[in-house]
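Colleague: fold the following.
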Amino acid sequence: MASLRKQQGAVLVISLIVLLILTMIGMSAARTVLLQEKMTFASRDAKVALEVAEAVVKQAEAYVEGLSTTGDFGTASWLHVEGEGPDSLLDTTTWDNTNSREFEVEMLAADGTSKMKGRAYIELAGEADKEDPANDIVVGGYGQSTGGGEIKVFRIVALGVGISETTTRTIVSHYGKRF
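Modeller: Purely as a prediction, here's the structure:
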């Protein structure tokens with residue numbers, strides 16, 4: 001009878017050890033799942049920010065396409081003359097109302113009601129080189145008799161903001177327009 005009582009106590013201790021090991025495995029699995037969810041969200045957030053930046057570039061290109069003159073450059077806060085654009089893309093003042101303009105894009109924000117937003121500025125980058133267009137910017141129909149006028153090149157810089165509003169992506173694009 002004495003040996004039977006000792007065995008019942010041993011089963012209890014072994015059961016508690018097995019339960020502790022299973023609990024630790026479960027906690028480890030839960031941590032792994034949480035880490036994977038965070039990584040997935042960060043990846044999605046970065047892709048959303050990039051999509052917003054691309055949409056802002058398209059809106060800025062449409063703005064340039066609608067221009068008939070470059071007279072507003074240097075007078076509007078987000079339209080900079082050649083060489084006078086913001087110096088640093090990482091500086092917060094580059095992306096305030098004194099240097100850039102806010103754009104709404106057709107993507108809904110996390111709240112499901114408001115639209116995602118990004119910022120952009122446009123800087124005159126000079127004229128396309130008529131001597132050797134292969135090294136500058138490729139313009140469809142260049143060299144053909146499509147009409148007169150010089151081709152101005154615009155540098156478009158867009159900042160897209162992700163879902164979390166701490167994730168950003170920046171795109172620099174060049175766009176040519178014949179005037």
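
Colleague: state the distance from the closest residue to Asp45 other than its chain neighbours to Ser28.
Modeller: Closest residue in space to Asp45, ignoring its immediate chain neighbours: Gly162 at 4.0 Å, by CB to CB, 6 or more residues apart in numbering. No exception for glycine: its C-beta is placed from N, CA and C like everyone else's. Using CB to CB, to the nearest Å, Gly162 is found at 30 Å from Ser28.

Colleague: poorly predicted segments of the chain, please.
Modeller: Scanning the chain for pLDDT under 70 picks out 1-8, 130-148.

Colleague: quick one: the strands in it?
Modeller: Using DSSP state E, the strands of the chain run over 79-80, 101-108, 115-127, 151-161, 168-178.

Colleague: for the second one, list the C-alpha coordinates in CSV.
Modeller: Looking back up the chat, that one is strand 101-108. The C-alpha coordinates for strand 101-108 follow below in CSV (Å, rounded to 0.1, in the frame of the first residue of the first chain):
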residue,chain,number,x,y,z
ARG,A,101,0.2,70.3,-51.4
GLU,A,102,-2.1,67.7,-50.0
PHE,A,103,-4.0,65.4,-52.3
GLU,A,104,-6.8,63.0,-51.7
VAL,A,105,-6.8,59.7,-53.5
GLU,A,106,-9.6,57.2,-54.2
MET,A,107,-8.6,54.8,-51.4
LEU,A,108,-10.6,54.6,-48.2
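
Colleague: tell me what angle it forms with strand 151-161.
Modeller: Put simply, strand 101-108 runs at 60 degrees to strand 151-161, going by axes from the mean of the first three to the mean of the last three CA atoms, to 10 degrees.
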